[in-house]
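Visitor: starting from these lines, generate the structure:
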Amino acid sequence: QVQLVESGGGLVQAGGSLRLSCTASGRTFSNFAMGWFRQAPGKEREFVAAISRSGGSTNYVDSVKGRFTISRDNAKNLVYLQMNVLEPEDTAVYYCAAPQSWLSGPSARMTEYGYWGQGTQVTVSS
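Guide: Just a heads-up that it's a prediction; the model follows:
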């Protein structure tokens, strides 16, 4: 059973930074790509960033390119989302996601991911 636990959310002013962490357990972490998604109030869940199983390839939604960085530490079963120059529009619950079956590349497709964390709230004030 795969378990994902996010941490690092909070309240920050516009222009500030936060780093989210996701700890994975239950299988060989380095065999799978990982992703971050978010859901704002009244909106559908959307893709934010993904990273390949090796960490050598990443993928971002256009709205966060240049501001967010996804990375991973396979030795520690951790994936991170460094968020800089935060904007009020980034306010959402952020979810870590893992694929249910083998996935190597940094897919943006939500249907590729079958395991989800409980989410961590990020609130950006203007």
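
Visitor: how long is stretch 16-36 end to end?
Guide: Stretch 16-36 has its terminal residues 19 Å apart, counting by C-alpha to C-alpha, to the nearest Å.

Visitor: which parts of it are buried?
Guide: Judged by neighbour count (16 or more other C-beta atoms under 10 Å), stretch 16-36 contains these buried residues: Leu18, Leu20, Ser21, Cys22, Thr23, Ala24, Phe29, Phe32, Ala33, Met34, Gly35, Trp36. C-beta here means a position set from N, CA and C on the backbone, and glycine is covered the same way.

Visitor: equivalent analysis for stretch 81-101, please.
Guide: Neighbour counts over stretch 81-101 (16+ other C-beta under 10 Å) mark 81, 83, 86, 90-99 as buried.

Visitor: from the residues you listed, pick the one nearest Thr123.
Guide: Relative to Thr123, the closest of the buried residues of stretch 81-101 is Thr91; by C-beta to C-beta it sits at 5.2 Å.

Visitor: so what sits opposite the residue nearest the centre of the chain in the bridge?
Guide: Against the mean C-alpha coordinate of the chain, by C-alpha atoms, centre = their mean, the closest residue is Trp36 at 2.2 Å. Beta-bridge pairing for Trp36 (DSSP bridges): Ala49, Cys96.

Visitor: in this structure it contacts Val93, no?
Guide: No. Counting by C-beta atoms under 8 Å, Trp36 stays clear of Val93, with 11.3 Å between them.

Visitor: now Arg109. Its backbone dihedrals?
Guide: Dihedral pair for Arg109: phi -80, psi 120, per degrees, to the nearest 10.

Visitor: tell me how many other residues crowd the closest residue to it other than its chain neighbours.
Guide: Once flanking residues are discounted, Arg109 sits nearest to Phe47: 7.8 Å by C-beta to C-beta, 6 or more residues apart in numbering. Number of residues near Phe47 (other C-beta atoms under 10 Å) recorded here: 19.

Visitor: what sits against Phe47?
Guide: Phe47 makes contacts with Gly35, Phe37, Val61, Ala108, Arg109, Met110, as judged by C-beta atoms under 8 Å, 6 or more residues apart in numbering.
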